[in-house]
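> Take a look and give me a structure for this.
(one chain, ligands or ions: 2)
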Amino acid sequence: MEVLPGEKIAEGKTKEILTVKNPESLPAGDREYVLLQSKDRITANNAQRVNDMEGKGALATSTTVAIFELLNDCGVKTHFVQRHTDTSLVSVKCAMVPIEFVTRRVATGSFLKRNQGVKEGHRFAPPLLEYFFKDDEAGDPQWSYQQIVAAAMDCGGVVIKEHHLDEMSRMTVTVFEILERAWASLGCTLVDMKIEFGVNPVNGEILLADVIDNDSWRLWPSGDRRLQMDKQVYRDLREVTVEAMQEIRKNYAWVAEKASHLSSKPWGRVVIFMGSASDKDHCDKIAKVLRELKIPVTFHVCSAHKSTPMSLGVLHEIEAEAVPTVIIAVAGRSNGLGPVLAGNTVLPVINCPPMSSQWGEADVWSSLRMPSGLGCTTAIQPDTAALNAATILSLNDHMLWGRMRGRQLNTYVGLIHANQKINQ
Ligand SMILES: Nc1ncnc2c1ncn2[C@@H]1O[C@H](COP(=O)(O)OP(=O)(O)OP(=O)(O)O)[C@@H](O)[C@H]1O
Ligand SMILES: [Mg+2]
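Residues are numbered from 1 along each chain as shown. Ligands and ions are numbered 1, 2, ... in the order given. A predicted model of the protein is given here:
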């Protein structure tokens, strides 16, 4: 069913917020929906400079949709639901937290003015996090962590406390890291970025909200500031001319097009060898974690001891396909499988022997103690083996890296919530 726009409930410099007339067209849950409608408008320096730019609403929407789809895929909790039209998207209605969360990898711009002596190009590791209170009249002043906590802001019935700020702060840095890697895959340096959060008033959940588009960051192809593609070009204009605006529009189109290629398909795969079909349950536990991370996984039953030619035949086929592959070898009792495969390939091999309660401690030595010249490793828990394989593949797969970073984020946030609950 088509989502229909309702009445306008808010309007800012670059967007209008509309209700959804027929929420029954969207999934039911602890949430209400709004439409974010982008305007063909570009502004800078707290709207001291404002211009209309044809097509900007559509380009901003394309970029935001690509970025939020990527972040949703990585497990980051966001307000984004789906694209609606060329210039609008459906999102979860939020009570916005009036703070701009800024992350910086490279020192430039206003940071240098506020921190005299720091050289342009200084790299922050981890990325530096700064907070700015959204107050147009006061020019969005920088706030400290303590000021935000002291303000005890009520957002949709949730008073923002230290643990909320910890959650949003960790989310901010994670979002930056995920997008930084994604842009790096296209040869672009994400220099810094601004994001905003909201509270879903129905369930109190904190969501990454607003938009992330070419107004939100500094983006330098090849790490070269002279090639900057973001809104900074507009801020820096001495005079706004028709030609200059055409160049800026081209930049926005370039970024929107590139952003649509950030979410890439899986780069590699995992092949699980099992010595016997009776090991299938153990293999399924490994595969479950791999599939959660969207890693393609295939199974083979072959015994290094009893069907040696077949084991090597499958190995040769895998090598012939030239798909980056991590092998996980699952064999109980005496594990010949992992070591034999490792001795005949340079693909990474991880042993994950199913451990019997009676003989496990003795059997595990057949996976741990290797003949010389073999580099296979051993993980005795299925999730450990899966995650180890994932870390190897993530070296060259920014989407997988992002999903793993997203998992770590959600574990961290889950612990914050558990700690809150236990002290209630
Ligand atoms: N999911 C959401 N639910 C409700 N409001 C939202 C959501 N996402 C963003 N908004 C709000 O939409 C409003 C309009 O956006 P816009 O960016 O145009 O405002 P603005 O002029 O930049 O003002 P502001 O300084 O508040 O951002 C903003 O106040 C923004 O916080
Ligand atoms: Mg805004």
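
> Does the residue lying closest to Arg83 once chain neighbours are set aside lie in a helix or a strand, and which?
Distances taken as C-beta to C-beta, 6 or more residues apart in numbering place Val65 nearest to Arg83, at 4.8 Å, with adjacent residues excluded. For every residue, glycine as well, the C-beta is placed using N, CA and C. Using DSSP states H and E, Val65 sits in helix 56-73.

> Pull out the buried positions in that helix.
56-72 (16 or more other C-beta atoms under 10 Å).

> Stretch 159-166 now?
160, 164-165.

> And the average pLDDT for it is what?
Stretch 159-166 shows an average pLDDT of 98 in the prediction.

> Could you tell me how many residues sit around Glu54?
For Glu54, the neighbour count with other C-beta atoms under 10 Å is 11.

> Quick check: it touching Arg249?
Yes. With contact defined as C-beta atoms under 8 Å, Glu54 counts as touching Arg249 (7.3 Å).

> In terms of helices and strands, where is Phe392?
Wrong residue type there; residue 392 is Ile, not Phe. Counting by DSSP H and E, the element that carries Ile392 is helix 382-394.

> That helix packs against which elements?
Applying 3 or more C-beta pairs under 8 Å, 6 or more residues apart in numbering; DSSP states H and E, one finds that helix 382-394 contacts strand 269-274, helix 280-292, strand 325-330, strand 349-351, helix 398-422.

> For those, could you give me JSON lines that also reports mean pLDDT and distance to ligand 1?
Below are these laid out as JSON lines (pLDDT from 0 to 100; distance: least, C-beta to the nearest ligand atom, whole Å):
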{"stretch": "strand 269-274", "mean pLDDT": "98", "distance to ligand 1": "37"}
{"stretch": "helix 280-292", "mean pLDDT": "98", "distance to ligand 1": "27"}
{"stretch": "strand 325-330", "mean pLDDT": "98", "distance to ligand 1": "39"}
{"stretch": "strand 349-351", "mean pLDDT": "98", "distance to ligand 1": "42"}
{"stretch": "helix 398-422", "mean pLDDT": "98", "distance to ligand 1": "19"}
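
> Quick check: which of the ones you listed is nearest to Thr377?
Judged by C-beta to C-beta, the one of those that comes nearest to Thr377 is strand 349-351, at 5.6 Å.

> and the next element down the chain from that closest one?
Sequence-wise, the next helix or strand downstream of strand 349-351 (DSSP H and E) is helix 360-363.

> Tell me which residues of that next one come out buried.
Quick answer for helix 360-363 (16+ other C-beta under 10 Å): Asp363.

> Alright, calling it a day.
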